[in-house]
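J.: This is the structure alone, sequence omitted:
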RNA sequence: UCCUCGGUAGCUCAGUGGUAGAGCGUUCGACUGUUAAUCGAAAUGUCGUAGGUUCAAAUCCUACCCGGGGAGCCA
């Protein structure tokens, strides 16, 4: 529709024209007779220049009265200006206050995690959070674009279920008219039913895990994309996962340059991630790599690097502290800010130095048959620059519905995609078991109630065919693409252990 | 559940037994091109809570509360 005002993002197309802008004050600077207002309207940021001599008394006082996050309207001329980030600024003809804001808690300075999470509803307005949500949006569109282009049908799995797919300890249970029900952990079983109706489908919806995990990779509520394809085997499944991730990275690097710049994402490293094919290691090969001399050498090098960095930082901090006494005010401020930076990094290094020896020991002692821990996955990915695919895990560590490897009965035809740069598992999936008797045995062996799976067994009774699929964790993918250290910044209102508000 | 780090001004943090500190933010003042503007001045504290040791505790000890990171589990 046609709007009666202009969006900041569209300003480069209106140079020389007079426009009306509606927005909020992101920050302000000024001197006598001249004020610079940073206007934020959701589509971007632009600097509005208010010259006392060029506007009326009312506009000048309106501009002077604006507090951070006050809503205001500006009418002014768009001018090209090389000094500005978007290449334009607006010379105000009039400024009108729409709503003065009370003192705003989130200043353009640094804040702690708890403080910001308690104000997530306001934090969303900040630049980095804004950029991350824009990238999330682009990723979502890229996922739909890929699947729709390949002929998949998007279908929704139920959120409320009676089935526990992978154990009951991590389910949110609720009362469904006097019957126990659960929030879904995965749409996969229903996805298989839908694939038998439509051939290729994907679900895109929320999933819930009541895991008491407090780590940078876990949410209790997260969005999962689960394609399921009839007549696909494990190799075809891996092809889909690889193409999907490459399409996501391609879309974001093509369309989200400004957002990635705000996030200070290393775009070259991200582009390298899109290079297909991704290395594919069997579980057995991955175990060999994990227990190899190459892994030990890599970790030794990492430890030395951390120790060198710690030494250099400690020297710098001592020198800064000596200089602090005679420093001028501005210099003191710089030294204080640097001290905080150094302390944060030293804490990270200390944690790394505690971790690396444990990682070394656990990697060297790893025995075939166990599942990979978080550190093992990190070590595997550090050997590569792109995501890697690990396939054919021991059946004992995988879900009951996985098909066995016909060449080795100990193995399941499962696969995980591990993202580079320490982001870890973003995809898990595999080829599904097709044989009814085998599935019955598996349900019993896993101690699951057979009655709850009767409808699922129907899929094997009525035209069972080879099929495969996987689940992609949206928030982990966003974290990786944005280079964010924690999944809590990848969802508008993340739900974590101990975090239900706002 | 376990391990580990932390809680000091509105915010981010220094301060490790001897008078409670800095920067930012806020308020006031200066400044016509600033980019987290700059410069000057002012106000701002239950040092997480409760006990204990001591002439003296933000600092040492104990318990508890809250938060960060990690293990297990997983996307």
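T.: Sure thing, it's come through. Keep in mind that what you see is a predicted model, and the values were worked out from it rather than measured.

J.: count of neighbours near residue A:423?
T.: Residue A:423 has 24 neighbours, counted by other C-beta atoms under 10 Å. Glycine gets a C-beta too; all of them are placed from N, C-alpha and C.

J.: what number of residues lie near the residue lying closest to it once chain neighbours are set aside?
T.: Among residues not flanking residue A:423 along the chain, residue A:480 sits closest, at 4.0 Å (C-beta to C-beta, 6 or more residues apart in numbering). Close neighbours of residue A:480, defined as other C-beta under 10 Å, add up to 25.

J.: list the helices and strands whatever helix or strand residue A:480 lives in packs on?
T.: Residue A:480 belongs to helix A:474-482 when assigned by DSSP states H and E. Judged by 3 or more C-beta pairs under 8 Å, 6 or more residues apart in numbering; DSSP states H and E, the packing partners of helix A:474-482 are helix A:127-149, strand A:221-230, helix A:234-255, strand A:408-419, strand A:424-431.

J.: What distance do you get for residue A:5 to residue A:13?
T.: Applying C-beta to C-beta, to the nearest Å, the value for residue A:5 to residue A:13 is 14 Å.

J.: make that residue A:2, sorry
T.: 14 Å.

J.: next one: residue A:307
T.: From residue A:307 to residue A:13 the distance is 54 Å (C-beta to C-beta).

J.: How is chain A divided into domains?
T.: A:8-99, A:120-283+A:368-489, A:294-363 (automatic domain parsing).

J.: Among residue A:5 and residue A:13, which residue is more densely surrounded?
T.: Comparing residue A:5 with residue A:13 by other C-beta under 10 Å, the one with more neighbours is residue A:5, at 13 against 10.

J.: Quick check: that one vs residue A:40, distance?
T.: 14 Å.

J.: what's the answer for residue A:106, then?
T.: 13 Å.

J.: Smallest gap between the stretch 401-502 of chain A and RNA strand B, at which residue?
T.: When scored by C-beta to the nearest atom of the strand, the stretch 401-502 of chain A has residue A:473 as its residue closest to RNA strand B, at 3.0 Å.

J.: show me where pLDDT drops low in chain A?
T.: In the predicted model, chain A carries pLDDT under 70 at residues A:163-169, A:318, A:320-337.

J.: which strand is the longest one in it?
T.: Using DSSP state E to define each element, chain A has its longest strand at strand A:18-31.

J.: which neighbours does the following helix or strand past that strand have in its sheet, and in what orientation?
T.: Counting by DSSP H and E, the element after strand A:18-31 in chain order, helix or strand, is strand A:34-40. When pairing is defined by DSSP bridges, strand A:34-40 lines up against strand A:18-31 (antiparallel), strand A:45-51 (antiparallel).

J.: now, of the ones you listed, which is deepest in the fold?
T.: By mean neighbour count, with neighbours taken as mean count of other C-beta atoms under 10 Å, strand A:45-51 ranks first of these at a mean of 21.

J.: if you look at that one, does any of it touch RNA strand B?
T.: Yes - shown here: strand A:45-51 in contact with RNA strand B (C-beta under 7 Å from any atom of the strand) through A:47, A:49, A:51.

J.: Run the chain-centre distance for that strand.
T.: Mean-position distance between strand A:45-51 and its chain equals 33 Å (C-alpha atoms, centre = their mean, to the nearest Å).

J.: Run through who's touching it.
T.: A:8, A:11, A:21, A:26, A:33-39, A:59-60, A:63, A:74, A:76, A:84-86, A:88-92, A:95, A:127 (C-beta atoms under 8 Å, 6 or more residues apart in numbering).

J.: out of the residues you listed, which touch RNA strand B?
T.: Applying C-beta under 7 Å from any atom of the strand to the contacts of strand A:45-51, those adjacent to RNA strand B are A:33-34, A:36, A:38, A:84, A:89, A:91.

J.: Show me the two of these that sit farthest apart.
T.: A:33 and A:84 (20.5 Å; C-beta to C-beta).

J.: Which one of these two is surrounded by more residues?
T.: Between residue A:33 and residue A:84, counted using other C-beta under 10 Å, residue A:84 has the larger neighbour count: 15 against 11.

J.: Which secondary structure state is assigned to that one?
T.: Counting by DSSP: H, G, I helix; E, B strand; the rest coil, the backbone at residue A:84 sits in coil.

J.: Backbone torsions only: list them for it.
T.: Torsion angles at residue A:84 (phi, psi; degrees, to the nearest 10) stand at phi -90, psi 150.

J.: any idea how far residue A:285 is from it?
T.: Residue A:84 sits 52 Å away from residue A:285, taking C-beta to C-beta as the criterion.

J.: Please apply the same query to residue A:394.
T.: Taking C-beta to C-beta, one finds residue A:394 at 14 Å from residue A:285.

J.: who's more crowded, the two?
T.: residue A:394 (18 against 14).

J.: Setting the sequence-adjacent residues aside, check what's closest to the more buried one.
T.: Nearest non-adjacent residue to residue A:394 (C-beta to C-beta, 6+ apart): residue A:369, at 5.2 Å.

J.: ok, now which ones touch that neighbour?
T.: A:394, A:396-397.

J.: Alongside RNA strand B, which residues does the stretch 401-502 of chain A contribute?
T.: A:416, A:424-428, A:471-473, A:475-476, A:486-488, A:496, A:498-499.

J.: Give me the buried entries from these.
T.: Neighbour-count burial (16 or more other C-beta atoms under 10 Å) is assigned, among these, to A:416, A:424-428, A:471-473, A:475-476, A:487-488, A:496, A:499.

J.: Quick check: residue A:352 vs residue A:293, distance?
T.: 21 Å.

J.: Which of the two has more residues huddled nearby?
T.: Neighbours of residue A:352 and residue A:293, each counted by other C-beta under 10 Å, are more numerous for residue A:352; the result is 17 against 8.

J.: What is the subsequent helix or strand relative to whichever helix in chain A runs longest?
T.: With secondary structure taken from DSSP state H, chain A has its longest helix at helix A:329-364. Next along the chain after helix A:329-364, taking DSSP H and E as the criterion, comes helix A:374-382.

J.: Tell me the buried residues in that next one?
T.: Quick answer for helix A:374-382 (16+ other C-beta under 10 Å): A:375-381.

J.: biggest separation within those, which pair?
T.: Farthest apart among the buried residues of helix A:374-382 - using C-beta to C-beta - are A:375 and A:381, which lie 11.0 Å from each other.

J.: hmm, back to that, now, among the buried residues of helix A:374-382, which is nearest to RNA strand B?
T.: RNA strand B lies nearest to residue A:375 out of these, by C-beta to the nearest atom of the strand, at 5.3 Å.
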